[in-house]
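Asks: Model the following, please.
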Amino acid sequence: MNLTICKNKYFSGVLWILAIALLAVSLLTHAYSYFNTKEINLFSTECYENDGEVILEIHNNITGEYSFECKK
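Replies: Alright, predicted model coming up:
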């Protein structure tokens, strides 16, 4: 029996599923980061337009948890 691991149809299927899942997670992570940054920029711009001082504290880079305050 001469089977190579690359020709095994189950291995190839699992490999494709893992690659697609990794791509999906990567795209979702980048989208979340993008919209989180847009939100912070919007809050900051509004704060500066109202002559405020931005106080931004990032609690966790992975989850995107932060606190935002605009002091006048």
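Asks: element containing Tyr34, please.
Replies: For Tyr34, the element it lies in under DSSP states H and E is helix 9-49.
Asks: From Glu57, how far out is the residue nearest the centre of the chain?
Replies: Taking Cα atoms, centre = their mean, the centroid of the chain lies closest to Thr29, which sits 2.5 Å from it. To Glu57, Thr29 is 22 Å away according to Cβ to Cβ, to the nearest Å. To be clear about C-beta, it is placed using only N, CA and C from the backbone, and glycine gets the same treatment.
Asks: same question, Lys72
Replies: 18 Å.
Asks: In terms of secondary structure, what does the helix holding Tyr34 contact?
Replies: strand 53-60, strand 65-71 (3 or more Cβ pairs under 8 Å, 6 or more residues apart in numbering; DSSP states H and E).
Asks: Quick one: mean pLDDT over the longest one.
Replies: Same thing as strand 53-60. Averaging pLDDT along strand 53-60 gives 92.
Asks: Show me what it pairs with in its sheet, parallel or antiparallel.
Replies: The pairing partners recorded for strand 53-60 under DSSP bridges are strand 65-71 (antiparallel).
Asks: so how far is the partner strand from its chain's centroid?
Replies: 19 Å (Cα atoms, centre = their mean, to the nearest Å).
Asks: List the buried residues of it.
Replies: Cys70 (16 or more other Cβ atoms under 10 Å).
Asks: what sits up against it?
Replies: 36, 40, 43, 46-47, 50, 52-59 (Cβ atoms under 8 Å, 6 or more residues apart in numbering).
Asks: now that strand against helix 9-49, angle please.
Replies: Between the axis of strand 65-71 and that of helix 9-49 there is an angle of 10 degrees, by axes from the mean of the first three to the mean of the last three Cα atoms, to 10 degrees.
Asks: Quick check: mean pLDDT of strand 65-71?
Replies: For strand 65-71, the per-residue pLDDT averages 92.
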